[in-house]
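# A structural model of the following input is requested.
(chains A and B)
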Amino acid sequence: MLETLTNLSNVPAATLEWVGTWTAALLTIAVLSYILGNNVFFRIAEYLFVGVAAGYAGGVAWGTVLWPRLQLLLSDPAGYWYYGIFFVLGLLLLTRGISAIGVLGNLPLGVLFGAGAALALGGALTGTFVPQMRAAVVSVSPEDYGGGLLGWTYALDALLLVGGTLAVLAAFHFGARGRGTLNAIWYWLLGAFGKVGRAFIMVTFGALFAGAALTFFTLLVSRLSFLASWIARLYGSLG
Amino acid sequence: MIVCPACHHRNPEGAADCQHCGESLAQGYFRVCPSCDALNPPERVFCSRCLSRLDAAGQPDAPSAPVIPSRVPATPPQAASPAAPVPAPETPQIEAEEAGDVQWEPGIQTVEDALRSLGEIAEEPPATEPQAAPPVVLEQPPVTPQQPPAAPEPPAAAQQPQPQPTASSAAPATAAPEPVMRQASQPPMPAQPEAHQSESQPPPAMPDSLPAALEGIEAVLPLQPAVFRLGRGLVPAPEPPHAAAEAADAETAAALFHRIATEPARLAAPIRTVIRRPSDRLPRLGRTLLYLLVLLAALTPFFSGGQTQSLIEPSDAVSGLTRVLSSVPAGATVLLAFDYGPGYAGELDPLAQAVARFLAGRSVRVLALTTRPEGVGLARRVLDAAAEETEGYVYGEDYAILGYLPGDEVGLRTLNLGLEATFVADSVTQTPLGELAVTRDLAGVESVQRIIILADDGQSVRRWIEQVGSRHDVALDALVTAAVEPMLTPYRQSGQLGTLVAAATGAAEFEIAAGVQAESAGAADGLVALFLLLALVAVFTNVAYVVRGDRNTPSSTPGAHDTPRKA
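Purely as a prediction, here's the structure:
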């Protein structure tokens, strides 16, 4: 069996391509058969995709991440001793599956979550929050955009940007009405701005939905195109 | 009829113990529901099974609920020893097995209870010829010797009936017992010794001097006929003013509860519920037609032959991408991140192939990496295809696939340490990066001209912006699916992304703008057909909405005006 697998490299490329094309075509039809309802062919394709994806990910992780570093560690332990720490942490992570020593897995989990959360938080602040806040501070004066009709157009665009940002922020304001006239006016302003912000959100959702529809239609065209080429090739081989 | 409280067997009158289970019948009594014949505790106003009123109030024709009294156990009072003083009874008990006679029951503690019981008796039909209502007299309850709870069995001599002082004859020595009303024509029953004695005596008349406990009962006497007329179920016995008010309130509340509990469910105001016949034929037909039209649009590229290519004009974003890629000098390095999976390869692969062909044609070195394991195979397929089409474009010298970079944020941050610290070797030939010509002179991310991110989700692009773009002066371009493009637009407007292109339409536009071989024009025909279809559907549905109107709105729903309004 292993010899057969290792000899796959000796199989002609045309044969492998033929097998791959037929497999992909049949699995595509199996997935598209879901339009007729859930059936055994769709489930087979679904399970195959999940299993193959997991196996492929594991193989890639081993072949391109773990195995090269393990080779370095074994060949030069003094030079690559830090890889040993990572492997030990990885082995400790595997102990999560054993209840008796599962507590040992908390250490690598803590390292993973701690480092990941710290980097994500810091990156969000420096990469998203501050730059986006800075980008939202724009001039709404037409003179700053050269004046004229074009300047007014850019100024209106900037006004929409600023107003839309504030309105969406107001839409996510939830609070009770305070006492006093000023509080009442402030509450009313927030409510009115929030309604405008919800309109902006609806427009955004509409754009997202349109983009998703466009994406899935493109994927459908791609799959149908693949099937058409497969059928044409099959027809050519028969004829 | 005496209903056994244990087995519910109905025993004849006079039975001391249940004929079925032998249980003593001295425990309380039941009220039989006139509607469902269910047995109810005596304090119940409504039947526990059918909620019918047990005394049939408000239903003049309905029979009243009979009360099935239990009998007092015929335990003879134990005579005290002659030397012992006669204790006052705690509860006077008179057994009256003759029909209609009043019994002393455990529940009778007050005059009102006695009046209720009398009312029940008055409802009993006369056994013989009708007679005039016998006068009611008050009789002082008999005084029986107090019986200790666990008294030993008395000797035989002590079981002889002893004369029992009656209320009319002698007042109790210790405590005045509660008075009880008794029909004068019916003497007390001889079940107990004192009854035997009273049987031979004429019915006692109202004594001239009543004990203090009988004071106030005179005010009750004038209500007696009314009490009898109300029946024997729940007789509103005369009570003090405050007690009567409470009883009236309770009665009203009980009646209200009964009405609410038994009335059929109905709304406050009539609402005409219009249930239209399900006419989903048109929507079903419309959906089927829409599916067919979408399928037809998807099949358009197979017979259109790229007719819409002349209609395609590169957008500003695609023109900007073409411009910046054209500015990359030959021999410079561009980093391609294949952060998408096979599920979205149908949309992103054409644009990735077009960009790879364009860069290969300009002899720009390309390094590929991915933060998703599936991206390794996709990167290899795209770059190998570009290398096959470009003469002299060799792996290892002009392009290389670094491989999978795990860890998301952590993995991207390690890129700051250098490529050799991040990738030990390339993923195709497993050659150390220091030995590859394409990576030999690269120190790190800052050494590349541009980073082009091909992604199917916005989070991957944000990671690149936050972990790499914000720390290095390197330009980022994002080629993404149309679904995530709106979410990344703020990053392009803020300048954090050099270009942002949606791959669905960007592939064909880039092929035209960059002048590379057009392979996506066919798909563009399908997109054009889809856009036309969506426009037609939008116009048609809006026209249909205006013409037909929305019949589901409250203002047009028949009967909607019947909806009750708040007062």
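# Quick check, pLDDT for residue A:108.
Looking at residue A:108, its pLDDT reads 92.
# Now do the buried residues in the helix or strand hosting it.
Using DSSP states H and E, residue A:108 sits within helix A:106-124. Residues A:108, A:111, A:119, A:120, A:123 are the ones in helix A:106-124 that count as buried (16 or more other CB atoms under 10 Å in any protein chain shown). In short, each C-beta sits where N, CA and C put it, glycine included.
# Likewise for stretch A:32-50?
Here stretch A:32-50 shows A:32, A:41, A:42, A:45 as buried, counting by 16+ other CB under 10 Å.
# so the first one, which of the three states?
Right, residue A:32. helix (DSSP: H, G, I helix; E, B strand; the rest coil).
# tell me the contacts of the residue of the stretch 201-350 of chain B found nearest chain A?
Per CB to the nearest CB, residue B:346 is where the stretch 201-350 of chain B lies closest to chain A, at 2.9 Å. By CB atoms under 8 Å, 6 or more residues apart in numbering or on different chains, residue B:346 lies in contact with A:218, A:219, A:221, A:222, A:223.
# Would it be right to say that it lies in a helix?
Yes: assessed with three-state DSSP, residue B:346 lies in a helix.
# any idea how far it is from residue A:169?
In this view, residue B:346 and residue A:169 are 38 Å apart by CB to CB, to the nearest Å.
# end to end, how far does stretch B:469-481 reach?
20 Å (CA to CA, to the nearest Å).
# now, which of the buried residues of stretch A:32-50 sits nearest residue B:481?
The closest of the buried residues of stretch A:32-50 to residue B:481 turns out to be residue A:32 (CB to CB; 20.3 Å).
# how close does the spatially closest residue to the closest one that is not a sequence neighbour sit to residue A:161?
Nearest non-adjacent residue to residue A:32, counting by CB to CB, 6 or more residues apart in numbering or on different chains: residue A:223, 7.4 Å away. Distance, residue A:223 to residue A:161, using CB to CB: 39 Å.
# what's the answer for residue A:125, then?
22 Å.
# For these two, indicate the residue with more neighbours.
residue A:161 (17 against 13; other CB atoms under 10 Å in any protein chain shown).
# can I assume that one is in contact with residue A:138?
Yes: applying CB atoms under 8 Å, one finds residue A:161 in contact with residue A:138, separated by 6.2 Å.
# Please identify the buried residues of stretch A:170-185?
Result for stretch A:170-185 [16+ other CB under 10 Å]: buried residues A:170, A:171.
# Outside of that stretch itself, list whatever touches it.
In contact with stretch A:170-185 (CB under 8 Å, 6+ apart) are residues A:186, A:187, A:190, A:193, A:194, A:195, A:196, A:197, A:198, A:200, A:201.
# what is the mean pLDDT for it?
85.
# Stretch B:487-499 now?
Mean predicted lDDT for stretch B:487-499 stands at 92.
# so residue A:128 touches residue B:463, yeah?
No: between residue A:128 and residue B:463 there is no contact under CB under 8 Å: 10.5 Å.
# What segments of chain A are helices?
Along chain A, the segments classed as helices by DSSP state H run A:2-6, A:13-32, A:40-61, A:67-75, A:81-94, A:106-124, A:130-136, A:148-171, A:181-238.
# thinking again about what came up before, now the contacts of stretch A:170-185 in TSV, with neighbour count?
TSV is the format used below for the contacts of stretch A:170-185 (neighbours: other CB atoms under 10 Å in any protein chain shown):
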residue	neighbour count
A:186	14
A:187	15
A:190	18
A:193	18
A:194	18
A:195	12
A:196	16
A:197	22
A:198	15
A:200	16
A:201	15
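# Quick check, pLDDT for the residue lying closest to residue A:164 once chain neighbours are set aside.
Spatially, and ignoring its direct neighbours in sequence, residue A:164 is nearest to residue A:200 (4.7 Å; CB to CB, 6+ apart). On pLDDT, residue A:200 comes in at 93.
# Repeat that for residue B:398.
93.
# give me the number of residues near it?
Residue B:398, neighbours per other CB under 10 Å, totals 22.
# Name the SS class of residue B:402, please.
Under three-state DSSP, residue B:402 comes out as strand.
# Quick check: which ranges of the chain have low pLDDT?
If you meant another chain, say so; for now it's chain A. A:1-9, A:239 (pLDDT under 70).
# hm, I was asking about chain B
Looking at chain B by pLDDT under 70, you get B:1-3, B:13, B:26-29, B:31, B:42, B:55-241, B:265-282, B:518-522, B:549-567.
# which stretches of it form strands?
For chain B, the strands defined by DSSP state E occupy B:2-3, B:10-11, B:30-32, B:39-40, B:67-68, B:136-139, B:180-183, B:333-339, B:365-370, B:399-404, B:450-455, B:475-480, B:499-502.
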